[in-house]
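# with the sequence up front, the predicted model follows.
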Amino acid sequence: MFEVQNLINRINALCCEKNITVNKLATLSGLTQSTIDSILKGKSVNPRVETIDKIADVFGVSIDYLLGLSDDRKRR
């Protein structure tokens, strides 16, 4: 099971690292800004796998990395 805070921390860290704004992340992932905002504000405590996959794809990381279940960033 994952902790929502791990997801929030990883998304924020990757946004800073890649210099991507929340708006840009929404555009690149094909998600709405409100969906990204809900995740980052902890309002979406159980986001859909498809949503997490789209975010992971933007950053080129694995879903497990994004969820804090692994420190291996490699997307398979």
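Structure received. Numbering: from 1, shown residues only.
# how about the helices in this protein?
4-18, 22-29, 33-40, 49-59, 63-66 (DSSP state H).
# low pLDDT regions in the protein?
Within the chain, the segments meeting pLDDT under 70 span 1.
# apply 80 and report the result again.
By pLDDT under 80, the low-scoring segments of the chain are 1-2, 75-76.
# what does the nearest residue to R75 once chain neighbours are set aside show for phi and psi?
Leaving aside its sequence neighbours, R75 sits nearest to S62 (C-beta to C-beta, 6 or more residues apart in numbering; 5.0 Å). Glycine gets a C-beta too; all of them are placed from N, C-alpha and C. As for S62, its main-chain torsions (degrees, to the nearest 10) stand at phi -80, psi 160.
# who's in contact with S62?
56, 70, 72-76 (C-beta atoms under 8 Å, 6 or more residues apart in numbering).
# most surrounded residue in the residues you listed?
Within the contacts of S62, A56 tops the neighbour count with 22 neighbours, counted by other C-beta atoms under 10 Å.
# ok, it - contacts?
Contacts for A56 (C-beta under 8 Å, 6+ apart) come out as 62-63, 65-66, 75.
# ok, so of the residues you listed, who is nearest V22?
L66 (15.3 Å; C-beta to C-beta).
# for that closest one, what are its contacts?
7, 10-11, 14, 52, 55-56, 59.
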